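How does the following fold in three dimensions:
(2 chains)
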2 protein chains.
Amino acid sequence: MSVAKFFDYVEAHQSDFIDRLRKAVEIPSVSSEAARRQDVVRMSEFLVNELEALGASVETRDVGMQKMHDGTTLKLPPVVLATYGNDPAKKTVLVYGHYDVQPALKEDGWNTDPFTLVEDEEGRLLGRGSTDDKGPILGWLNVIEAHKALGLELPVNLKMCFEGMEESGSEGLDDLILLEAKKYFADVDVVCISDNYWLGTTKPCLTYGLRGVSYFHLSIKGPGRDLHSGVFGGTVHEPMTDLFAVMSNLVAPNGKILIPGIYDQVAPLTEEEERTYDNLAFQMHELHSAVGSEVNIYDSERDILQHRWRYPSLSIHGVEGAFYNAGDKTVVPAKVIGKFSIRSVPDMEPEKITELVKKHIESEFAKLNSKNTLNIECSHAGKPWFATPNHWNYVAAAKAVEKVFNVKPDMTREGGSIPVTLSFQDALNKNVLLLPMGRGDDGAHSINEKLDRSNYIQGIKLLGTYLHEIAEIKADEN
Amino acid sequence: MSVAKFFDYVEAHQSDFIDRLRKAVEIPSVSSEAARRQDVVRMSEFLVNELEALGASVETRDVGMQKMHDGTTLKLPPVVLATYGNDPAKKTVLVYGHYDVQPALKEDGWNTDPFTLVEDEEGRLLGRGSTDDKGPILGWLNVIEAHKALGLELPVNLKMCFEGMEESGSEGLDDLILLEAKKYFADVDVVCISDNYWLGTTKPCLTYGLRGVSYFHLSIKGPGRDLHSGVFGGTVHEPMTDLFAVMSNLVAPNGKILIPGIYDQVAPLTEEEERTYDNLAFQMHELHSAVGSEVNIYDSERDILQHRWRYPSLSIHGVEGAFYNAGDKTVVPAKVIGKFSIRSVPDMEPEKITELVKKHIESEFAKLNSKNTLNIECSHAGKPWFATPNHWNYVAAAKAVEKVFNVKPDMTREGGSIPVTLSFQDALNKNVLLLPMGRGDDGAHSINEKLDRSNYIQGIKLLGTYLHEIAEIKADEN
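Prediction:
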């Protein structure tokens, strides 16, 4: 098949695809609000209906109950599993997306009603969920529709996994992935997730790495109760003094982590990797705009991106138990908990990070000769994710980008985490590709979230072409 | 006059004096609660009636309006000024006390109704305001009553200043003191304030010093908004990192202040002063009990008290603008304000303290080479107070203690502040004596506040005898 026919169909049916997105955006499937849970379920039903109408075989999976803060329980929205095509001669691609969205209120500062898709003069499709992640999941449906309308078979077997709790910690999903790894997902050859963004606004990218995160609670206690600094100041060991003494030895103002051994675990930067930073579509003014000021540690885009993507960082988030309001209060807090986290990169292991952190902190605390007591705990840890970017999954995706956009994609990583990426990779032991549809300025979790019309339409072409390239490429060991 | 007759009268009329205290405790004169303001005013009327019945000449002074948090205004309770005796041949003593109290609810954990005076089996008079400060102010009234009943003149002219806002920042009082310094208070020779406590539970004391306090806000800002640590960690200067780097250089875990020059201002410890620490009624277990654990920096009572009273201290109270809740949040705060204060002692001056703090902090911050910006401000400052403890005011009080208790009083200072002390000293330029009635364990601001019967009764004898010793002592230049 020539992709030209497919491209023509997509161009000719833009309005239909935008209509489908309009219907999806109108369902306020906010997973974090109990009162909206019925809308999340309604969104799953919308997807099921659309998929069945396209001829996919669809199942919904109950993933249990959610415990709410007020002690009540709420049924989790189902995970929608769908299959299109079941030819043993074809490769099988698993695609993941989520049909729930972030909260949104007009009063938050939206220029338009967040649950009405509006196209502005610049061709931006404004609406909650437009880019995160309803546009991308409907992209897969649109690919099926186009092929069906053209009387063409899909070149691969497509398995789809769409969840409704991504914006609320993907509750229930990991268990399902593990359960189905050797069942529903047994034939999967590669995984593709379209739920992140281009680095900037002009050039597509393939994303092959995410940092992990290890979060720590450092608690120091001494006095049996909060004390008055007038009566006790100068006579007792104050937990806040100790906390500042210890936590000032975690990271230097230039971002260098001061914990011995941490950098020993960081994979060295190879010349090959260094070259991937040569032509990335990212400029310093984009960082300044995102940060809202010019407090960048490094002066080159290359250094900024390397320190966002492939070097670890340590941030101090706050202190629990101390005075935090405006004004003055002369309290000596009895127990304080310093919060900090380390963004980890290959080849750092959470267990080793925790071991090094504990050793360093206990050694620094011992130097203080304080009678207070210290406890350090890792409250949660997620591993970094790194996919081989020259795997055929990536090579196929890069070819698809070139066919649609006439440009080689940026090869990017991200500084944050998308935990489901690692869940699929670990459970299925298959290569995972992050193939974004939207731009870096889409404002996924902000007011006025948008997906540019061109990103949606070209994105549909990209997802379809990617499946064709997957079908054609030699699936070597790479 | 022989004090023996006075002592006998006080012993014989204990019930009358306790009845007067009972009536006062029954008026819930909580100055911090708007709904109780009428009770505070009622308490002032009670005092006026009692004083007039005793033959004092009484005035109430309107000190203006209080601005409430909700924007409304509330009339401040009056300051009660009273004079008993006006003989130019006699010395004039000004006594100060307050008739308002801390809030109290049975539900807070009181064993008895807080606004009903109850005497328990151990002779403790339980009730809100019993020791802070209704017992002491009624002590002066009881002294007048005893003399009147015995047909005796007071040996001095007594001026009284009783306020109703002490537990709420003494609003309006400073202006009145300044206004009346050369008028109502013009003839005052010495001032006596009975509004603090014995060091322990067994031995009376005279208090001649209080620490001052300088409170600082150290703000550091950089990013234009709070950032996600995954996306920006490692690439921008984080205000929290800088804050910990700077504030860890303020005080060592052993309590030593690290700001150059701070100790240069501290008056040296003379041999004479050192001797005043020889026989103080204070034991380490009392500190442990008050602190609720054994995190004392020093092992001797002498060192503990010297560092509470006559050396400065620095406490870190908290951070505004950072994450402070339970749980995990991966925020990079855009602007944070570290709060700390320095307890100051003679001869430290607030202006010099601020100058040294600023210089040190700016120098430490400069070392960081951060692109963030720092601002340091002193939000409020109160000077330390120190009275010459061998002034005849103190000598007279010490003689009175010996006559009533057969023991030399402890000469004490306190670590906290009682701002009105300095207000009187500065406005009147007269010696101020703190002459406590209650014990160190009275729980002035806690549940189950009490004044021991013996402290109340012996306290009345003490206040009366003090006036006689004042009358008899030679008022030298000391």
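
As a check, name the ranges of all helices in the stretch 201-350 of chain A.
Ranges of helices in the stretch 201-350 of chain A, per DSSP state H, counting those that start in this stretch, are A:229-232, A:239-247, A:271-275, A:284-291, A:301-309, A:350-367.

so what are the domain limits for chain A?
Domain ranges of chain A: A:3-210+A:385-472, A:212-267+A:310-382, per automatic domain parsing.

do the longest one and chain B meet?
Yes: figure legend: domain A:3-210+A:385-472 in contact with chain B (CB under 8 Å from any CB of the partner chain); contacting residues A:414-417. Where you see a C-beta, it was placed from the backbone N, CA and C, and this is true even at glycine.

what is the mean pLDDT for that domain?
Across domain A:3-210+A:385-472, pLDDT averages out at 96.

Now do the end-to-end distance for it.
Using CA to CA, to the nearest Å, one end of domain A:3-210+A:385-472 lies 13 Å from the other.

next one: stretch A:180-197
End-to-end span of stretch A:180-197 (CA to CA): 28 Å.

Pull out the buried positions in it.
The neighbour-count check on stretch A:180-197 (16 or more other CB atoms under 10 Å in any protein chain shown) flags A:180-181, A:184-185, A:188-197 as buried.

Let's see which of those residues end up in strands.
Those of those mapping onto strands are A:190-193, per DSSP state E.

Let me know the closest of the buried residues of stretch A:180-197 to residue A:63.
Minimum distance to residue A:63 across those is 11.2 Å, recorded for residue A:180 (CB to CB).

Quick check: which element contains the closest residue to the closest one other than its chain neighbours?
Leaving aside its sequence neighbours, residue A:180 sits nearest to residue A:81 (CB to CB, 6 or more residues apart in numbering or on different chains; 7.6 Å). Secondary-structure assignment from DSSP states H and E places residue A:81 in strand A:79-84.

Counting by contacts, list what the next helix or strand after that strand packs against.
Heading C-terminal from strand A:79-84, the first helix or strand you meet, by DSSP H and E, is strand A:92-98. Packed against strand A:92-98 by the contact rule (3 or more CB pairs under 8 Å, 6 or more residues apart in numbering or on different chains; DSSP states H and E) you find helix A:135-149, strand A:157-163, strand A:190-193, helix A:419-428.

Mind checking the ones you listed for the one nearest to residue B:255?
Closest of those to residue B:255 is helix A:419-428, at 44.9 Å (criterion: CB to CB).

Tell me which other helices or strands the helix or strand following the closest one touches.
Where DSSP H and E defines the elements, the next helix or strand beyond helix A:419-428 is strand A:431-434. Packing contacts for strand A:431-434, counted by 3+ CB pairs under 8 Å, 6+ apart, involve strand A:190-193, strand A:205-210, helix A:392-405, helix A:419-428.

Show me what strand A:431-434 is in contact with.
Residues from elsewhere that reach strand A:431-434 (CB atoms under 8 Å, 6 or more residues apart in numbering or on different chains): A:190-196, A:206-208, A:385, A:387-388, A:391-394, A:397, A:418, A:421, A:424-425.

That one: what's the following helix or strand?
Following strand A:431-434 in sequence order, the next helix or strand is strand A:450-452 (DSSP H and E).

ok, the residue in the stretch 251-400 of chain A that chain B sits nearest to - contacts?
Residue of the stretch 251-400 of chain A nearest chain B, by CB to the nearest CB: residue A:292 (1.9 Å). Applying CB under 8 Å, 6+ apart to residue A:292 gives the contacts B:223-225, B:334.

please redo it, this time with the cut-off set to 6 Å
By CB atoms under 6 Å, 6 or more residues apart in numbering or on different chains, the contact set of residue A:292 is B:223-225.

Can I have the buried ones of these as a ChimeraX selection?
Under the burial definition 16+ other CB under 10 Å, those of the contacts of residue A:292 that qualify are selected in ChimeraX by:
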select /B:223,224
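
Can I take it that residue A:24 is in a strand?
No: remark: residue A:24 does not belong to a strand; assigned using DSSP: H, G, I helix; E, B strand; the rest coil, it is helix.

Next, count neighbours for it.
When counting by other CB atoms under 10 Å in any protein chain shown, one arrives at 24 neighbours for residue A:24.

so it touches residue A:133, yeah?
No: contact criterion CB atoms under 6 Å: residue A:24 and residue A:133 do not qualify, at 10.3 Å.

Residue A:79 is in contact with residue A:163, correct?
Yes: Residue A:163 is within contact range of residue A:79, at 5.0 Å (criterion: CB under 6 Å).

of those two, who's got more company?
Legend: neighbour count by other CB under 10 Å for residue A:163 and residue A:79, higher for residue A:163 (28 against 24).
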